[in-house]
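Colleague: What shape does this take:
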Amino acid sequence: MTRRAESWLVIRASSALRRGTRISTETQRALTPAGTAVTSRTGAPVAPSIRRRNASHSAARSIPLLPLTPGWIVQFPFMDPDVQKQSIKRPNIGWITTSWNELDAPADSYDLIMLGQVYHDIILESGDFEALNQRFFRMLKPGGRLVIEDHDAIETMSLGEQVYLHRISHGDVTGQLLSAGFRQKDMILMKSGHDDRRFNVFRPTLRGRTDRFIAVFEKPLDGEPLR
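Modeller: Okay, here's the model as predicted:
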């Protein structure tokens, strides 16, 4: 049986990329739309300019795209594209560096877009989150999913106060993505027991122990935004 090639866009400004981001089979099954074939533990995002698919074989193959915003390079020199190219050895993983407002791809490019603890950075780094969410919608294929994992925040705080702490509330994320036309499929809340959400996530006694969430949104099968 020929499996359909999948295209994944993974957006994560994190040192974890140096080691490679691995996704468990269980997580893949939870995040992948029904009827699609999961063929790579790391997923398969495709850069528009370097797209390659091989759907004639049982193991679908494509080239991932891992975007980073330039601001992170100043703080973490090892995230410089030239350095990352030396670290990433797999032929099915690509890399770009761009600003949030320039991140784009042709319509219907991806089956899955994942953002790991960076959605708040769109706002913190003065990105137009409303326009980007609309582009995410357009970039996804009908039935494709947008998955956002981030540090939860106190919803009564202003959006500016939340992102200053490197957080964003799951309620604010839900409202923003519903406004962009997505359908919410799941919301997983992960409470640490050590976080009252009042402090910066990099506080030494809090780092790695924050309340987090995973929000899953879907582009309707007819390709039209929900209103």
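
Colleague: lowest-pLDDT helix or strand in this protein?
Modeller: Among the helices and strands of the chain, helix 16-19 carries the lowest confidence by mean pLDDT, DSSP states H and E, at a mean of 28.

Colleague: need the helices for the protein, in chain order.
Modeller: Along the chain, the stretches classed as helices by DSSP state H are 16-19, 25-31, 70-75, 81-87, 119-124, 129-139, 159-164, 170-179.

Colleague: Please work out which of these is packed deepest.
Modeller: Here the criterion is mean neighbour count by mean count of other Cβ atoms under 10 Å, and of the helices of the chain the winner is helix 119-124, at a mean of 23. C-beta coordinates here come from the backbone N, C-alpha and C atoms, glycine included.

Colleague: so where's the protein uncertain?
Modeller: Using pLDDT under 70 as the threshold, the predicted model of the chain has low-confidence ranges 1-5, 12-75, 79.

Colleague: All the strands of it, in order from the start?
Modeller: Taking DSSP state E as the test, the strands found in the chain are 8-11, 65-68, 94-97, 110-116, 140-151, 183-190, 212-218.

Colleague: Now render those strands as CSV, adding distance to D172 and mean neighbour count.
Modeller: CSV is the format used below for those (distance: least, Cβ to Cβ, whole Å; neighbours: other Cβ atoms under 10 Å):
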stretch, distance to D172, mean neighbour count
strand 8-11, 18, 25
strand 65-68, 22, 23
strand 94-97, 27, 17
strand 110-116, 14, 24
strand 140-151, 10, 22
strand 183-190, 12, 13
strand 212-218, 10, 21
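
Colleague: what's the closest of those strands to G160?
Modeller: strand 140-151 (15.5 Å; Cβ to Cβ).

Colleague: one step back: same list (the strands of the chain) but as TSV, adding distance to E125.
Modeller: As requested, the strands of the chain are exported to TSV (distance: least, Cβ to Cβ, whole Å):
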stretch	distance to E125
strand 8-11	13
strand 65-68	11
strand 94-97	13
strand 110-116	13
strand 140-151	14
strand 183-190	25
strand 212-218	20
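
Colleague: Of those, which is nearest R198?
Modeller: Checking these against R198 by Cβ to Cβ gives strand 140-151 as the closest, at 12.2 Å.

Colleague: which strands and helices sit next to the closest one?
Modeller: strand 110-116, helix 119-124, helix 170-179, strand 212-218 (3 or more Cβ pairs under 8 Å, 6 or more residues apart in numbering; DSSP states H and E).

Colleague: Please save the CA atoms from it in PDB.
Modeller: Listed in PDB are the C-alpha atoms of strand 140-151, where the atom choice follows Å, rounded to 0.1, in the frame of the first residue of the first chain:
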ATOM      1  CA  LEU A 140      -2.500  24.200   6.300                       C
ATOM      2  CA  LYS A 141      -4.300  21.700   4.100                       C
ATOM      3  CA  PRO A 142      -8.000  21.100   4.800                       C
ATOM      4  CA  GLY A 143      -8.200  18.900   7.900                       C
ATOM      5  CA  GLY A 144      -4.600  19.900   8.800                       C
ATOM      6  CA  ARG A 145      -3.800  20.700  12.400                       C
ATOM      7  CA  LEU A 146      -2.100  23.500  14.300                       C
ATOM      8  CA  VAL A 147      -0.600  22.400  17.700                       C
ATOM      9  CA  ILE A 148       0.600  25.000  20.200                       C
ATOM     10  CA  GLU A 149       2.400  24.200  23.400                       C
ATOM     11  CA  ASP A 150       3.300  27.000  25.700                       C
ATOM     12  CA  HIS A 151       3.600  28.200  29.300                       C
END
